[in-house]
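Novice: just coords:
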DNA sequence: CTCCAACTGGAACAATCGTTTCAATTTAAG
DNA sequence: CTTAAATTGAAACGATTGTTCCAGTTGGAG
């Protein structure tokens, strides 16, 4: 047999996520990847085929982590209204700690590529649908327990909550301060409350 | 004296806006500009200095048009709640007619560049502030007439409305259908209603 | 020790990037 | 008609793009 793989593909992918997340697909050059991943140009190409493939794998990894966390939160939620609040609190905390103004990798990709790259656009759409579905389940529970507003369907409320999450992440990318993000979250939360 | 300017700089800028809006700064090449503007490479450079300057002028033109329209709507508003509804209706109409999935030039730029180009980031921040201010005035009027909720300050509500406008434009860029956009707008409107 | 694959370093690829330059042409004003 | 500025076409710039290739080196399994 032969030599073992020296680098941890998974850790490498994390670095790629970081780069693409911060500077986007077009903004990240092959040289940026060589510098940022810390492995040789050749190794990048024979491990990940090409830049676009690496980008797709990075986005996929990010989305699995993100949707995974969301599904976990929803599954464990015994107090849906409190869970919604926690989701926003976590988001705001992340955002104000995000000094590099990365925002959300999925939102950034949606804006940069979804319009002219069908395959990547579909990844974004599928992710959005997963999150919307998870939020719908969460809000349904809250409606059944009388905690949340029943003036709209759970799905409608889920789309609204998802929209406000998106908006907060866009605002974070422009460096909006905590107060602005808090305002958005507060009104959004009260809108879905009974 | 000498020859007159042959092309209409303003009409040319509109074409540049269109290009940058659709494909972003990094996604639009000098060649795209030559093809899209329909004038010579040399003419582009001696009229607009360089690509980045042309981009800034394009963004500036877009923002003047956008903020101008918003200020006009707010100034003429005698029924603030109805005006908010009209803003969302117009937005949704624009979005579903936006078959090229352009979204909003300002939002796209915020996501692509605001994080790593300070000067352009400031243009985005200033624009956002103008829109927020205009919306604040509008919502104040509605609060005074008892039409709109006074559970939050007008500025807080304005930030919330602005956030939902942003979210709708991001969603539009991924090709979201009218129903999804409508859901967001409806809950947002009811959230600011008394 | 040998073998073979993983990996490295670096050169090189053609293509495209943004930009500059220049001679030729067009057009309006004097 | 002359003059001068506006505009064009095309070539060329060096830099960087994404990608490939290959000759070495490394290191674990047989």
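Specialist: Looks like it came in fine. Only a predicted model underlies this, so the values are computations on that prediction, with no experimental measurement involved.
Novice: separation between residue A:123 and DNA strand C?
Specialist: 24 Å (Cβ to the nearest atom of the strand, to the nearest Å). All C-beta spots, glycine's among them, are computed from the backbone N, C-alpha and C.
Novice: contacts only, for that residue.
Specialist: A:56, A:59-60, A:63, A:109 (Cβ atoms under 8 Å, 6 or more residues apart in numbering or on different chains).
Novice: and stretch A:95-113, how far apart are its ends?
Specialist: 23 Å (Cα to Cα, to the nearest Å).
Novice: next one: that stretch to chain centre, how far?
Specialist: 8 Å (Cα atoms, centre = their mean, to the nearest Å).
Novice: close to DNA strand D, is that stretch?
Specialist: No: using Cβ under 7 Å from any atom of the strand, stretch A:95-113 stays clear of DNA strand D, coming no nearer than 13.2 Å.
Novice: in that stretch, what's buried?
Specialist: Buried residues in stretch A:95-113, counted by 16 or more other Cβ atoms under 10 Å in any protein chain shown: A:95, A:98, A:101-113.
Novice: of all these, which comes closest to residue A:10?
Specialist: residue A:105 (16.6 Å; Cβ to Cβ).
Novice: give me every residue that touches the closest one.
Specialist: A:17, A:20-21, A:58-59, A:62.
Novice: now with 7 Å?
Specialist: A:17, A:21, A:59, A:62 (Cβ atoms under 7 Å, 6 or more residues apart in numbering or on different chains).
Novice: the host helix or strand of the last one vs chain B: in contact?
Specialist: Assessed by DSSP states H and E, residue A:62 sits inside helix A:51-75. No: when contact is scored as Cβ under 7 Å from any Cβ of the partner chain, no part of helix A:51-75 falls within range of chain B; the minimum is 13.6 Å.
Novice: whichever helix or strand comes after that helix vs helix A:51-75, what angle?
Specialist: With elements assigned by DSSP H and E, the helix or strand that comes after helix A:51-75 is helix A:80-97. Here the directions of helix A:80-97 and helix A:51-75 differ by 140 degrees (axes from the mean of the first three to the mean of the last three Cα atoms, to 10 degrees).
Novice: remind me which residues of chain A are low pLDDT?
Specialist: Scanning chain A for pLDDT under 70 picks out the ranges A:1-7.
Novice: picking up where we left off before, show me the two of the contacts of residue A:105 that sit farthest apart.
Specialist: A:21 and A:59 (9.2 Å).
Novice: and the two? Which one has more around it.
Specialist: residue A:59 (24 against 20; other Cβ atoms under 10 Å in any protein chain shown).
Novice: that one against residue A:109, yeah?
Specialist: Yes: assessed by Cβ atoms under 7 Å, residue A:59 is found in contact with residue A:109 at 6.0 Å.
Novice: the strands in chain A, which residues?
Specialist: In chain A, no strands are defined using DSSP state E.
Novice: who in it is up against chain B?
Specialist: A:23-24, A:26-27, A:101, A:103, A:107-108, A:110-112, A:114-116, A:121, A:124-125, A:128, A:151-152, A:156-157, A:159-160, A:163-164, A:166-167, A:170-171, A:173-174, A:180, A:183-184, A:187-188, A:190-191.
Novice: in chain A, which helix is the longest?
Specialist: Counting residues, the longest helix in chain A under DSSP state H turns out to be helix A:118-144.
Novice: can you give me the buried ones in it?
Specialist: A:120-121, A:123-124, A:127-128, A:130-143.
Novice: cool, stretch A:20-29 as well?
Specialist: For stretch A:20-29, by 16+ other Cβ under 10 Å, it's A:20-25, A:27-28.
Novice: what's the closest of the residues you listed to DNA strand D?
Specialist: residue A:28 (6.4 Å; Cβ to the nearest atom of the strand).
Novice: so what touches the helix holding residue A:62?
Specialist: Here helix A:51-75 has contacts from A:13, A:16-17, A:20, A:25, A:30, A:48, A:83, A:87, A:105-106, A:109, A:120, A:123, A:127, A:130-131, A:134, A:137-138, using Cβ under 7 Å, 6+ apart.
Novice: what comes up buried for stretch A:82-94?
Specialist: A:83-84, A:87-88, A:91-92.
Novice: any chance of TSV for those residues, columns distance to residue B:37?
Specialist: Formatted as TSV, the buried residues of stretch A:82-94 follow (distance: Cβ to Cβ, whole Å):
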residue	distance to residue B:37
A:83	51
A:84	48
A:87	45
A:88	44
A:91	41
A:92	43
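Novice: just to revisit the earlier point, which of the buried residues of stretch A:20-29 fall within helices?
Specialist: Short answer: the buried residues of stretch A:20-29 in helices (DSSP H) are A:20-25, A:27.
Novice: sorry, back to before: run the angle between the longest helix of chain A and helix A:51-75 for me.
Specialist: Using the same axes, to 10 degrees, helix A:118-144 lies at 10 degrees relative to helix A:51-75.
Novice: helix A:118-144 vs DNA strand D: in contact?
Specialist: No: taking Cβ under 7 Å from any atom of the strand as the criterion, helix A:118-144 and DNA strand D are apart, separated by no less than 14.2 Å.
Novice: what about DNA strand D: which of the buried residues of stretch A:20-29 touch it?
Specialist: Within the buried residues of stretch A:20-29, those near DNA strand D by Cβ under 7 Å from any atom of the strand are residue A:28.
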